[in-house]
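>>> next comes the sequence, and after it the predicted model I'd like to discuss.
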Amino acid sequence: MEEEGDKGVFAHHREEKEVGAFSMAAGREAKLQLVQRHVRAFPDFPKKGIVFRDICPILKDAAALKAVIDLFEEHVRNNHQHVDLIVGLDARGFLFGPLLAQRLGIGFVLVRKKGKLPGATVSVSYDLEYGKAEAEIQEDAVAPGQKVLLIDDLLATGGTLYAASELMRKQQAEVLGCMVVIELKELNGTDKLKPHRVFSLIQY
Ligand SMILES: O=P(O)(O)OC[C@H]1O[C@H](OP(=O)(O)OP(=O)(O)O)[C@H](O)[C@@H]1O
Ligand SMILES: Nc1ncnc2[nH]cnc12
């Protein structure tokens, strides 16, 4: 049986822990709301029927951009013991990927649209929510066995991230997961990416 005095001490420690956890959760929630307030919707762009989610206001606001990187960093540190590289997708994945990689003290690699990278490359084609494209990586960008996280601004159908995961498979790299600022739930991109997991900050 616990002594009355002990109970008091443990309860005090528990309270402190709970207050810490609460303030961390509150800070996280505040950051998510800040990020959410900096996404704009443009109906019928670039085609009729598409609601374009614009992340430009995030980049224009230092606190919102920092919040994105803070939230991604927290996710990586809590879920992955070792990551070799952040792999970013052309073009908006390049806006967040290098900042995150710097925070984590690791390198950043580009997956580009076809025809932009010099030297020997590996490529795959893929379908987009509003078109078709081909993704490419430099052959020596990722070594076999390296553990990578894929990053982009937005997950729609999942075609782009799937193409990047195919490039990683071709290069025998291990995809630990995918990270996006925005996930468009109704397009079921997460199904296309299975078994890879997707971490998103905002969902529509
Ligand atoms: O999940 P998906 O259906 O593949 O769609 C998501 C992709 O579409 C957008 O890029 P886009 O190809 O428009 O190119 P950009 O980043 O160069 O504007 C977005 O930035 C993602 O990369
Ligand atoms: N609805 C959307 N908004 C912004 N970027 C996108 N990429 C694919 N679908 C998109």
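Structure received. Numbers count the residues shown, from 1 in each chain. Ligands and ions are numbered 1, 2, ... in the order given.

>>> contacts and neighbour counts: CA atoms only from here.
OK.

>>> was I right about Leu201 contacting Leu155?
No. If you go by Cα atoms under 8 Å, Leu201 and Leu155 don't touch, sitting 11.0 Å apart.

>>> what is in contact with the two at once?
The contact sets of Leu201 and Leu155 overlap at Val180, Ile182, Glu183 (Cα atoms under 8 Å, 6 or more residues apart in numbering).

>>> count of residues packed around Ala26?
By other Cα atoms under 10 Å, the residues close to Ala26 number 12.

>>> just list whatever residues bridge to the residue nearest in space to the middle of the chain.
Nearest to the geometric centre of the chain sits Met179, at 1.9 Å (Cα atoms, centre = their mean). Bridge pairing for Met179 (DSSP bridges) gives the partners Ile151, Phe199.

>>> I'd like to know how many residues surround the nearest residue to Val198 once chain neighbours are set aside.
Leaving aside its chain neighbours, Val198 sits nearest to Cys178 (4.7 Å; criterion: Cα to Cα, 6 or more residues apart in numbering). A count of nearby residues for Cys178, using other Cα under 10 Å, gives 25.

>>> list the contacts for the residue nearest to the centre of the chain?
Residues counted as contacts of Met179 (Cα under 8 Å, 6+ apart) are Phe72, Leu149, Leu150, Ile151, Asp152, Val198, Phe199, Ser200.

>>> which two among those residues are spaced furthest apart?
For the contacts of Met179, the maximum inter-member distance is 13.0 Å, found between Leu149 and Ser200 (Cα to Cα).

>>> check which helix or strand whatever residue of the chain ends up closest to ligand 2 maps to.
Nearest residue of the chain to ligand 2 (Cα to the nearest ligand atom) works out as Phe52 at 3.4 Å. Using DSSP states H and E, Phe52 maps to strand 51-54.

>>> okay, buried residues for that strand please.
Buried residues in strand 51-54, counted by 16 or more other Cα atoms under 10 Å: Arg53.

>>> likewise stretch 80-87?
Residues of stretch 80-87 classed as buried under the neighbour-count rule (16+ other Cα under 10 Å) are Val83, Asp84, Leu85, Ile86, Val87.

>>> now the closest residue to the first one other than its chain neighbours. Its backbone dihedrals?
Once its chain neighbours are removed from consideration, Val83 has its nearest residue in Lys147; the separation is 5.3 Å (Cα to Cα, 6+ apart). For Lys147, the backbone dihedrals (degrees, to the nearest 10) come out as phi -100, psi 120.

>>> contacting residues for Lys147?
Neighbour list for Lys147: His82, Val83, Asp84, Leu85, Ala173, Glu174, Val175, Leu176 [criterion: Cα under 8 Å, 6+ apart].

>>> what do you get if the cut-off is 10 Å, keeping everything else the same?
80, 82-86, 168, 172-177 (Cα atoms under 10 Å, 6 or more residues apart in numbering).

>>> SS state for Ala30?
Recorded secondary structure, Ala30: helix (DSSP: H, G, I helix; E, B strand; the rest coil).

>>> any idea how far it lies from Cys178?
Ala30 sits 23 Å away from Cys178, going by Cα to Cα, to the nearest Å.
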